[in-house]
Structures are given as structure tokens and as C-alpha cells.
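Asks: Take this sequence and fold it.
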Amino acid sequence: MLTQTTTRVLEPSDLGAALAVLESEPVANAFVTSRVQIAGLDPWRLGGEMWGWYADGQLRSLCYSGANLVPICATPEAVRAFADRARRAGRRCSSIVGPAEPTAQLWRLLEPGWGPAREVRANQPLMVTESPSDAVAADPLVRRVRKDEMDVLMPACVAMFTEEVGISPLAGDGGLLYQARVAELIGAGRSFARIEDGKVVFKAEIGATTAQACQIQGVWVAPEFRGRGHSETGMAAVLRYALADVAPIVSLYVNDYNTPARKAYRRIGFRETGAFMSVLF
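Replies: Below is the predicted model of the structure:
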């Protein structure tokens, strides 16, 4: 029996079906789920289109197409359909990111037309935990960043982004969008730091949040304070805030070559449960 498939841009009326797909994998899909729960499926509010792949009339897979191209619960056939649509539309994203296997397939199909990439990070372990650390004491000086500390935090955020991504977030629009995102996280109480004498020693944010899971991002220690355990004790503190105030599962993903960070996260209690992949343009 032949399976009838189709791919189309989802509309606001498709929200329930889209959320059912997203919530089937709450940890891996936390980033996109959090955006859809806030903005719905209207492209203007969402910041991009949500493509849906249907098999026999049922929505099975998704792909977010905005600043990032993100395959979601994507079967191999769905990835091929998403790649066809992406090729026709042309590259509008600054990265492709998602679970490693479908993202790798998507990139193989798009690379001939979209390549070369600036960088490909093929294996970024996804790590999760449901419990506060019982091996590392939380740094009592790590706290929520106040709104009046935006100017103190911003240089650390720029340094972290530049180190991690390889380009400054101040390029292009002068950093207006990036500053707005930093301010949004501070205002939501999801930006944390240890600040001494007006300087950030450690910082991290809780980025994506849903009722099921949240994701820690932007972990950074000032260079002159590295090697002193601040990343472990700081993360232990942020983990406690996340579990107490945000969601029962806390996740993050890390570059596979960042051996010190992976060891630190394991000591805190995170375990690897899968892998992401990122293609940066």
C-alpha cells in the first residue's frame, strides 16, 4: 500500500497538531517548543515558518525555518521533503541545528547548493539531569542578574558568543537583536551570574523553557578565573534554580571536543542521552 505524503507551511489552526509532535520529544525539542508555545505558528510572531510533513493525512514531522533551520522528529523521507523545500526557497538561515542524524542527512542534501559551511559541528552531546548535584556544592554567590546590571553582563555575553560561534553578535545590526535577547532573559529572571567588583566571574542562562524541560546555555567563565572550578559550582547553582523554578528536566548540549566541559557537567550529574549537530554559515 502506498503512503500518501505531503509537505506544507503550517497555519495557526495547526497549532494543536504541531504541539503534539513537539511534545513527543520534550528535551530535544525544547528550543522550538518554547517558541511555539509563546508565539504560535504565525510566521511574523514566530520569526519564521513551520513546515509540516504529513503521511496519510497525519502530521508526523516538522521543520522550523527561520534564523535557524531545525528538523524536528524528522523521518528520512520528511528530511528529503524539507531539503527540497529549503533548496527552492534558498538559504535564509545562519545555521542548521537539531538532532544529529536528521541534521546530518539534511546537510548532505543541502551542501551541494548551500555549501561550504563556515563550520560543521557534527557531534554535540545532549546532556540531561533531573536532580540537583550531590557531588558539587552550588556557588552561593551565583544569583539572578538584576535589570540594572545589563551593562555589567553584556560584555561577558559578547565574549561568550564570540568564543563559541566565532563571530561577534554585534556585527550586522550593531547587536540590537542580541542585546534585546539578553535583556529579555534578565527580565524573565533566567540570567545568572557571579559578579565581583563590577565584573562577571561566571554566567549562564536558562534559554528555552517549557513545562517539561528547560535548556541551559551561554555558560562562560572570565579567562582570568578559569581553572578554579567556577564552571562546576556555578552550574550547580544554576541547576538548582532551574529545577526549583522552571522545569523537572534540565538539559544542555556541548561540543564533543570540549572535554573539560563534558567532564565538569558529568561531575555535576548530567548524563549524555543523544547528540545534536550544528552547521554554521
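
Asks: Next one: the nearest residue to residue 4 once chain neighbours are set aside from residue 25, what distance?
Replies: Leaving aside its sequence neighbours, residue 4 sits nearest to residue 56 (Cβ to Cβ, 6 or more residues apart in numbering; 5.6 Å). (C-beta placed from N, C-alpha, C; glycine too.) The gap separating residue 56 from residue 25 is 21 Å, by Cβ to Cβ, to the nearest Å.

Asks: Buried ones in the helix or strand encompassing residue 88, by neighbour count?
Replies: Using DSSP states H and E, residue 88 maps to helix 76-89. For helix 76-89, a neighbour-count test (16 or more other Cβ atoms under 10 Å) marks 78, 79, 80, 81, 82, 83, 85, 86 as buried.

Asks: ditto for stretch 48-63
Replies: 48, 49, 50, 51, 52, 53, 54, 59, 60, 61, 62, 63.

Asks: So which of the residues you listed are in helices?
Replies: Per DSSP state H, helices hold no members of the buried residues of stretch 48-63.

Asks: So in this structure, where's the weakest helix or strand by average pLDDT?
Replies: For the chain, counting by mean pLDDT, DSSP states H and E, helix 171-174 ranks last in confidence among helices and strands (a mean of 80).

Asks: which helices and strands does that helix pack with?
Replies: Judged by 3 or more Cβ pairs under 8 Å, 6 or more residues apart in numbering; DSSP states H and E, helix 171-174 has no packing partners among the helices and strands.

Asks: Following element in sequence after it, please.
Replies: helix 176-187.

Asks: Low-confidence stretches in the protein?
Replies: 1-3 (pLDDT under 70).

Asks: residue closest to the middle of it?
Replies: The residue lying closest to the centre of the chain (Cα atoms, centre = their mean) is residue 31, at 5.2 Å.

Asks: show me the contacts for that one.
Replies: Going by Cβ atoms under 8 Å, 6 or more residues apart in numbering, residue 31 touches 70, 207, 208, 215.

Asks: Please narrow those to those residing in strands.
Replies: Among the contacts of residue 31, the ones falling in strands (DSSP state E) are 70, 207, 208, 215.

Asks: bridging residues for the first one?
Replies: This means residue 70. When bridges are called by DSSP bridges, residue 70 pairs up with residue 64.

Asks: Would you mind measuring from it to residue 119?
Replies: 17 Å.

Asks: how many other residues sit next to residue 119?
Replies: For residue 119, the neighbour count with other Cβ atoms under 10 Å is 12.

Asks: The one 10 residues further on too?
Replies: Neighbouring residues of residue 129 were enumerated by other Cβ under 10 Å; the total is 20.

Asks: Could you list the buried residues of whichever strand or helix holds residue 238?
Replies: Per DSSP H and E, residue 238 falls inside helix 230-245. Neighbour-count burial for helix 230-245, with 16+ other Cβ under 10 Å as criterion, is recorded at 230-239, 241-243.

Asks: so which of the residues you listed comes closest to residue 7?
Replies: Residue 7 has its nearest neighbour among these in residue 242, at 35.7 Å by Cβ to Cβ.

Asks: if we can go back for a sec, could you name the helices and strands sitting against the helix holding residue 88?
Replies: strand 5-9, strand 49-55, strand 58-65, strand 68-72, helix 100-114.

Asks: With distance to residue 269 as extra columns, can I get the ones you listed in a markdown table?
Replies: Output for these, formatted as a markdown table (distance: least, Cβ to Cβ, whole Å):
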| stretch | distance to residue 269 |
| --- | --- |
| strand 5-9 | 40 |
| strand 49-55 | 34 |
| strand 58-65 | 30 |
| strand 68-72 | 27 |
| helix 100-114 | 23 |
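
Asks: Which two among the buried residues of helix 230-245 are spaced furthest apart?
Replies: 230 and 243 (20.2 Å).

Asks: Between the helices and strands packed on helix 76-89, which one is closest to residue 173.
Replies: Counting by Cβ to Cβ, and looking across all of these, nearest comes strand 68-72 at 17.1 Å.

Asks: elements contacting that closest one?
Replies: Going by 3+ Cβ pairs under 8 Å, 6+ apart, strand 68-72 lies up against helix 30-39, strand 58-65, helix 76-89, strand 95-99, helix 100-114.

Asks: can you rerun that using 10 Å?
Replies: helix 15-22, helix 30-39, strand 49-55, strand 58-65, helix 76-89, strand 95-99, helix 100-114, strand 271-280 (3 or more Cβ pairs under 10 Å, 6 or more residues apart in numbering; DSSP states H and E).
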